[in-house]
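*Asks:* Give me coordinates for this.
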Amino acid sequence: MKIFDIHSDLFTDVAWRRSQGETNVFDRIHYPQLKKGGVDSIICVLWVEPAFREDPIARFQKLLRHTLDDLRTSKHANVCLTVDDMKNEIFSNKINLFLGIEGMTFLEAWGKDSLDANIESAFEVLHENNVRHTIFVWNEWNALASGTGSEDEPTSRGLTSFGELAVQKANELNWILDASHLDEASFWDMYNATDQPMIASHSNAYALCPHERNLKDEQIKAIASRGGLIGLNAFHGFVDKENPTLERFVDHAAYMADLVGSEHIAFGFDFIDYLSTYDLGGPIKGSTLGLENVAKIPDLLDCMKARGFSTNEIEDISFNNAYRFMESHFKN
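*Replies:* Now for the predicted structure:
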């Protein structure tokens, strides 16, 4: 069964390894593991780690350069702009990649005369480099929006006027707007600032795990009401605070399916096992028992079947829902 993972940080590993002199990181390190898990397609993000928050623009530029250099020489990475670019053969030796951003604080130092100009320039440059997705914040607040997990209180919560401009620019370029990491105020501001479907690429149900990174029922319903998509997150802290297990992960899938229908659910695993040896500047270690890495995905599918999900529902959640969302979005 094919898997479409709508949130991956593997570019972080690519950048660290290339900074240490390694090459062909995607092909050597990630491609074999992705194949073991049945992964066919991914949204991969460029994410400035907490360790580099003092100079996010410098780190972002290195991330982008290392990533593009690695993809340029890859035999297995197929960078896509629409579903028409995807290799859909079951036994293809390619992994379809859509490029995204996780946190846009670097915009503040983009180098133009004003933040408005920075937004205009950055979106255009990133678009030229095949980026088609954005999350405005990561455990922070910035000039665009307020997010969850910030070390200090934002000056105000919600989208700023610059955030509204960024939404307009994303809509103009037909990027995917991703609500994961937004706090509630910013979530609703973004929802009201766009008429496009939104995704929450790696968020679970707050009702089952009351963490601020998870979605409350009204947020889940709002995303579904416009034909949006929610990617279930395997990060242990968002699965269960006390006992994060494979079974509990499936609880989130069942809860959302009962609430809005399985057609609005996907996988956004957010696996971090390959980042455990790096000093990223924050406590992101840990795992969900039974779903520690991409190779455990077949076990997840077996568990979902045992819990009563039909073959069609599992296929939709695993791949078809994300594929249909991308197909519809990039035709708008």
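*Asks:* Please make it C-alpha for all contacts and neighbour counts, starting now.
*Replies:* Fine.
*Asks:* where does the protein have low pLDDT?
*Replies:* Along the chain, segments meeting pLDDT under 70 span 90-91, 283, 332.
*Asks:* Just give me the longest helix of it.
*Replies:* Secondary structure of the chain read by DSSP state H shows that its longest helix is helix 56-72.
*Asks:* The stretch 201-332 of the chain: strands as residue ranges?
*Replies:* According to DSSP state E, counting those that start in this stretch, the stretch 201-332 of the chain carries its strands in the segments 229-232, 265-267.
*Asks:* CA-only coordinates of stretch 75-95, as CSV, when you get a sec.
*Replies:* Extracted C-alpha coordinates of stretch 75-95, given in CSV (Å, rounded to 0.1, in the frame of the first residue of the first chain):
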residue,chain,number,x,y,z
LYS,A,75,18.6,9.4,-8.5
HIS,A,76,15.5,8.7,-6.3
ALA,A,77,14.1,12.1,-5.3
ASN,A,78,11.4,13.4,-7.7
VAL,A,79,10.6,17.0,-6.9
CYS,A,80,7.0,17.8,-7.8
LEU,A,81,5.0,21.0,-8.3
THR,A,82,1.7,19.2,-9.1
VAL,A,83,0.4,15.7,-9.1
ASP,A,84,1.1,15.6,-12.8
ASP,A,85,4.8,15.5,-11.9
MET,A,86,4.4,12.4,-9.6
LYS,A,87,5.7,9.0,-10.5
ASN,A,88,2.7,6.8,-9.5
GLU,A,89,4.0,3.3,-10.4
ILE,A,90,3.9,1.1,-7.4
PHE,A,91,7.4,-0.3,-8.0
SER,A,92,8.9,3.1,-9.0
ASN,A,93,12.5,3.8,-7.8
LYS,A,94,11.4,7.4,-7.1
ILE,A,95,10.0,9.2,-4.0
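*Asks:* who's in contact with that stretch?
*Replies:* 2, 26-27, 31, 39-42, 71, 96-99, 130, 132, 323, 326-327, 330 (C-alpha atoms under 8 Å, 6 or more residues apart in numbering).
*Asks:* Stretch 238-246 too?
*Replies:* 203-204, 208-209, 211, 213-214, 233, 236-237, 248-249, 252, 287-291, 300, 303.
*Asks:* taking these one by one, which sit in helices?
*Replies:* Using DSSP H, the contacts of stretch 238-246 in helices are 236-237, 248-249, 252, 300, 303.
*Asks:* Make a ChimeraX selection of the buried ones in these.
*Replies:* For the buried members of these, the matching ChimeraX selection, counting by 16 or more other C-alpha atoms under 10 Å, is:
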select :236,237,248,249,252,300,303
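*Asks:* Relative to N171, which of the ones in helices among the contacts of stretch 238-246 is nearest.
*Replies:* H252 (30.1 Å; C-alpha to C-alpha).
*Asks:* shouldn't that closest one be in contact with L232?
*Replies:* Yes: counting by C-alpha atoms under 8 Å, H252 touches L232, with 7.5 Å between them.
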